[in-house]
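Visitor: Generate coordinates for the sequence data below:
(one chain, ligands or ions: 1)
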Amino acid sequence: MSDKNYTLTGESGSADLPSYSGTLGPDVADVRKLYAQQNIFTFDPGFASTASCRSEITFIDGDEGVLLYRGYPVEQLAKNSSFIEVCYLLLYGELPTKAELDKFDNNIRTHTMINETMLRLFNGFHHDAHPMAMVSGVVGSMSAFYHETMDIHNARHREIFSHRIIAKLPTIAAAAYKHSLGQPFVYPRNDLDYSSNLLQMFFSVPAEEYEIDSVAAEAIDLLLILHADHEQNCSTSTVRLAGSSGTNPYSAIAAGIAALWGPAHGGANEAVLRMLEQIGSAKNIDEYVAKAKDKDDPFRLMGFGHRVYKNFDPRATIIRDMCHKVLAKLGRDDDPLFELALELEQVALKDEYFVEKKLYPNVDFYSGIIYRALGFQPSMFTVMFAIARTVGWVSHWQEMITDPEHRIGRPRQLYVGPAARDYIDVAKR
Ligand code: SDX
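Guide: Prediction:
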């Protein structure tokens with residue numbers, strides 16, 4: 001509903017922009033008729049001031065450090081819920097009853113295997129292929145396996161797709177990891193919960209018994225909850241834009257994985273660890289903070305800053321606190337990289353550049369330290385992020401496909417190239 005109007009006045013008259021209020025957060029001004037009425041476009045590179053859609057899934061207040069999944073504070077879900085229950089909440093909009101949760105959990109557990117032909121795709125990659133390259137490629141190939149349930153306008157097909165891809169991502173990720181090690185693929189086990197199953201597929205070997213570490217499983221489940229969704233971030237917007245063309249959902253998710261890989265986005269968790277290894281010691285912190293502040297130096301302090309959070313990232317706070325617990329329980333609380341990260345955070349938070357630009361640690365700053373303590377290689381960190389965010393991407397894809405207002409995404413531009421000019425024969429150039 002339009003609650004009040006904004007008026008834009010220019011040389012060619014004025015345009016009334018209806019505005020709408022949401023449940024929480026800023027109002028929006030509807031500019032859909034602006035071009036037709038005033039022959040001008042809005043200009044917002046990076047979409048920092050643009051609402052691309054209506055959504056009921058996740059709300060972020062960047063100034064207050066608030067993150068709600070379907071209205072529930074992420075802190076409460078982190079404390080009381082499980083990743084599988086959060087998947088149900090994000091997909092269906094409500095917390096499940098016990099019976100609903102058990103049915104959903106069973107659905108996920110019984111879809112964790114991948115087609116043996118899909119498994120053979122991994123043999124096409126070199127052993128040193130980056131796991132994100134393998135995962136995005138194999139997820140994209142899923143559209144070649146599931147022809148019979150890819151009608152995006154069929155609600156049951158959409159539900160089957162959502163269960164399938166959430167269930168199979170850990171299996172595909174673990175297969176990529178085993179391929180990089182030259183170790184045999186480990187099949188999923190339906191008697192294990194999501195995070196325990198993930199651990200055994202990654203770290204068990206046929207040659208010996210594997211005991212699930214409950215602390216590790218709990219830490220992974222919490223990290224998956226914290227990374228599950230985050231409003232219209234880069235990769236989620238990519239999934240929505242790709243999906244808006246009507247392409248199959250597996251290809252849309254593969255596009256999201258590709259976008260997540262970037263070091264400015266989900267690739268930051270791997271970049272943070274490599275940065276900490278590069279800094280090496282607390283005595284070098286000042287040098288690197290100076291580099292991060294130097295406009296002529298492309299170096300940025302990875303794991304710091306956020307488009308939306310200008311106070312603190314609530315996920316970073318929870319993960320930092322969990323770091324202490326996990327490292328202590330794993331006997332790694334003397335991890336020099338964790339000590340270095342804590343020192344770096346303190347130095348950066350006192351530096352006027354970071355204070356003035358409101359750059360705080362984000363979700364990626366500490367997560368890599370935990371993943372490393374759990375035995376994951378840095379190249380797997382963003383894969384772990386993708387496993388978690390798949391439910392967010394699927395939820396937003398479903399919301400977009402069923403939104404009566406949705407249409408193919410097709411932004412315009414401010415053209416600053418050459419005006420029309422005639423072809424010149426090569427002999428005259
Ligand atoms: C994620 O959007 C989401 O929700 C993402 C995410 C999710 O859950 O989906 O939260 C996950 O992607 C977290 C962000 C992970 N990325 C990093 O840690 C990489 C390092 N951070 C930066 O690249 C940057 O802060 C971004 C990409 C996160 C945000 O970029 P913006 O909003 O476009 O901000 P900006 O680049 O315009 O920076 C504003 C100013 C600039 O200085 P000025 O041009 O104003 O002088 O702050 C500076 C930047 O140079 N700046 C940094 C910095 N981040 C921003 N300077 C040094 N180190 C940094 N990390």
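Visitor: switch to C-alpha atoms for all contacts and neighbour counts from now on
Guide: Noted.
Visitor: what's the nearest residue to the residue in the stretch 151-300 of the chain that the ligand sits nearest to if we skip its chain neighbours?
Guide: Using C-alpha to the nearest ligand atom, residue 265 is the residue of the stretch 151-300 of the chain that sits closest to the ligand, at 3.1 Å. Nearest residue to residue 265, sequence neighbours excluded (C-alpha to C-alpha, 6 or more residues apart in numbering): residue 234, at 7.3 Å.
Visitor: which residues sit in contact with that neighbour?
Guide: Contacts for residue 234 (C-alpha atoms under 8 Å, 6 or more residues apart in numbering) come out as 259, 260, 265.
Visitor: Select from those residues every entry located in helices.
Guide: Here DSSP state H is the test, and the contacts of residue 234 give 259, 260 as lying in helices.
Visitor: looking at the contacts of residue 234, which has the most residues close by?
Guide: residue 260 (25 neighbours; other C-alpha atoms under 10 Å).
Visitor: Verify the stated contact: that one with residue 269.
Guide: No. The pair residue 260 / residue 269 is not scored as a contact, 10.9 Å apart, by C-alpha atoms under 8 Å.
Visitor: intersection of neighbour lists for the two?
Guide: residue 382.
Visitor: who's in contact with stretch 173-187?
Guide: 113, 119, 122-123, 126-129, 131, 134-135, 171, 198, 200-202, 204-206, 380, 383, 387.
Visitor: so how far is that stretch off the chain centroid?
Guide: 23 Å (C-alpha atoms, centre = their mean, to the nearest Å).
Visitor: ok, and for it, which residues are buried?
Guide: For stretch 173-187, a neighbour-count test (16 or more other C-alpha atoms under 10 Å) marks 173, 174, 175, 176, 177, 178, 179, 180, 185, 186, 187 as buried.
Visitor: got it, and stretch 294-306?
Guide: Result for stretch 294-306 [16+ other C-alpha under 10 Å]: buried residues 300, 301, 302, 303, 304, 305, 306.
Visitor: Considering only these, which also neighbour the ligand?
Guide: 300, 301, 302, 303, 304, 305, 306 (C-alpha under 6 Å from any ligand atom).
Visitor: would CSV of the residues you listed with secondary structure, distance to residue 293 and pLDDT be doable?
Guide: Compiled in CSV, these are given as follows (DSSP: H, G, I helix; E, B strand; the rest coil; distance: C-alpha to C-alpha, whole Å; pLDDT from 0 to 100):
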residue, secondary structure, distance to residue 293, pLDDT
300, coil, 8, 93
301, coil, 9, 95
302, coil, 12, 95
303, coil, 15, 95
304, strand, 12, 94
305, coil, 13, 94
306, coil, 16, 95
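Visitor: Tally up the residues packed near residue 224, please.
Guide: Counted with other C-alpha under 10 Å, residues neighbouring residue 224 total 25.
Visitor: Contact partners for it?
Guide: 83, 384, 385, 387, 388, 389.
Visitor: neighbour-wise, which of the residues you listed leads?
Guide: residue 389 leads these on contacts (other C-alpha under 10 Å) with 28 neighbours.
Visitor: so where does that residue fall, helix or strand?
Guide: helix 381-401 (DSSP states H and E).
Visitor: and that helix, what does it pack onto?
Guide: Other elements packing on helix 381-401 under the criterion 3 or more C-alpha pairs under 8 Å, 6 or more residues apart in numbering; DSSP states H and E are helix 83-92, helix 131-141, helix 155-181, helix 214-226, helix 234-243, helix 249-260, helix 268-279.
Visitor: want to throw those into a markdown table with distance to the ligand and mean pLDDT?
Guide: Shown next, in a markdown table, are these (distance: least, C-alpha to the nearest ligand atom, whole Å; pLDDT from 0 to 100):
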| stretch | distance to the ligand | mean pLDDT |
| --- | --- | --- |
| helix 83-92 | 15 | 98 |
| helix 131-141 | 16 | 98 |
| helix 155-181 | 17 | 97 |
| helix 214-226 | 8 | 96 |
| helix 234-243 | 6 | 98 |
| helix 249-260 | 8 | 98 |
| helix 268-279 | 5 | 95 |
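Visitor: Can you check which of those helices gets nearest to residue 21?
Guide: Set against residue 21 and scored by C-alpha to C-alpha, the helices and strands packed on helix 381-401 come closest in helix 234-243, at 21.4 Å.
Visitor: could you flag which of the contacts of stretch 173-187 are buried?
Guide: Among those, those classed as buried by 16+ other C-alpha under 10 Å are 113, 119, 122, 127, 129, 131, 134-135, 171, 198, 200-202, 204, 380, 383, 387.
Visitor: Verify the contact between residue 60 and residue 67 for me.
Guide: Yes. Using C-alpha under 8 Å, residue 60 is in contact with residue 67, at 4.6 Å.
Visitor: Have a look at these two and say which one is more surrounded.
Guide: residue 67 (24 against 20).
Visitor: residue contacts, that one?
Guide: Applying C-alpha under 8 Å, 6+ apart, the residues contacting residue 67 are 58, 59, 60, 61, 73, 74, 230, 314.
Visitor: now with 7 Å?
Guide: 59, 60, 61, 73, 74 (C-alpha atoms under 7 Å, 6 or more residues apart in numbering).
Visitor: What of residue 6?
Guide: 16, 17, 18, 19, 29.
Visitor: Indicate each strand paired with the host helix or strand of it and its parallel or antiparallel sense.
Guide: Element membership for residue 6 (DSSP H and E) is strand 2-10. Strand pairing for strand 2-10, using DSSP bridges, gives strand 13-20 (antiparallel).
Visitor: could you give the mean pLDDT of the helix or strand following the partner strand?
Guide: Counting by DSSP H and E, the next helix or strand C-terminal to strand 13-20 is strand 28-29. Averaged over strand 28-29, pLDDT sits at 96.
Visitor: interface residues of the stretch 1-150 of the chain facing the ligand?
Guide: Residues of the stretch 1-150 of the chain lying near the ligand (C-alpha under 6 Å from any ligand atom): none found.
Visitor: can you tell me the residue of the stretch 1-150 of the chain closest to the ligand?
Guide: For the stretch 1-150 of the chain, the residue closest to the ligand is residue 46, as judged by C-alpha to the nearest ligand atom, at 7.1 Å.
Visitor: Fine by me, we can end here.
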